[in-house]
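Engineer: after the sequence you'll find the predicted model.
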Amino acid sequence: MTTRPQRRARSIAMTPAELDAFLTEQRTCRIGTVSPGGQPHVTPLWFAWDGTSVWLYSLVKSQRWADLMREPRVAVSVDAGETYGELRGVEILGSASIVGDVPRNGGYDESLAEPERLFAEKYFEAAQFVDDGRHGWLRIRSDKITSWDFRKR
């Protein structure tokens, strides 16, 4: 899948290296799904970024999971900054797909080795990921990525 290039506000867009560093460093994203009846549902969640996709370790008995099983289109937002001149962020529009067993019940899975390593290091300062049997992995592949960094103004 090819990600569409950003067309608006290119002067404040992050470079590919800046975007990669930002998504690697930030700890919380907000994920928007569509609930039954068309209502938006937005929740904060920890995530891992592997340089091409956002990986979410989500409770399988959650509204977010139910929404994505019915409608895989998703919006993910990651932002930082306290004052207007410090604001920066990324919006990813794409689709979610399940990777691995649901719920995740341990054992080696080559397709999850990298996101589990990244997640364990980022949030638990651990070399190995330990699942809890209540979550599953979702991979968000982007159709469009928009970024902004007001510090460039």
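Structural biologist: Arrived safely. Numbers count the residues shown, from 1 in each chain.
Engineer: use CA for all of it now, contacts and neighbours both
Structural biologist: OK.
Engineer: and the helices in the chain?
Structural biologist: 16-25, 63-70, 113-124 (DSSP state H).
Engineer: pLDDT of the longest strand seen in the chain, averaged?
Structural biologist: In the chain, with assignment by DSSP state E, the single longest strand is strand 135-149. Strand 135-149 carries an average pLDDT of 96.
Engineer: can you pull the buried residues of that strand?
Structural biologist: 135-142, 145-149 (16 or more other Cα atoms under 10 Å).
Engineer: residues contacting the nearest residue to Ala96 once chain neighbours are set aside?
Structural biologist: Leaving aside its sequence neighbours, Ala96 sits nearest to Ile140 (Cα to Cα, 6 or more residues apart in numbering; 4.5 Å). Applying Cα atoms under 8 Å, 6 or more residues apart in numbering, we find Ile140 in contact with Ser53, Val54, Trp55, Leu56, Val74, Gly94, Ser95, Ala96, Ser97.
Engineer: might you report the residue contacts of the second one?
Structural biologist: Right, the one you point to is Val54. With the criterion set at Cα under 8 Å, 6+ apart, Val54 makes contact with Phe47, Ala48, Arg139, Ile140, Arg141.
Engineer: nearest spatial neighbour of the spatially most central residue of the chain, chain-adjacent residues omitted?
Structural biologist: Nearest to the mean C-alpha position of the chain, counting by Cα atoms, centre = their mean, stands Val54 at 3.6 Å. Nearest non-adjacent residue to Val54, counting by Cα to Cα, 6+ apart: Ile140, 5.0 Å away.
Engineer: distance check, that neighbour against Gly85.
Structural biologist: 29 Å (Cα to Cα, to the nearest Å).
Engineer: count the neighbours of Gly21 for me.
Structural biologist: Careful, residue 21 is Ala and not Gly. Look at Ala21: counted by other Cα atoms under 10 Å, it has 14 neighbours.
Engineer: okay, Pro5: pLDDT?
Structural biologist: 55.
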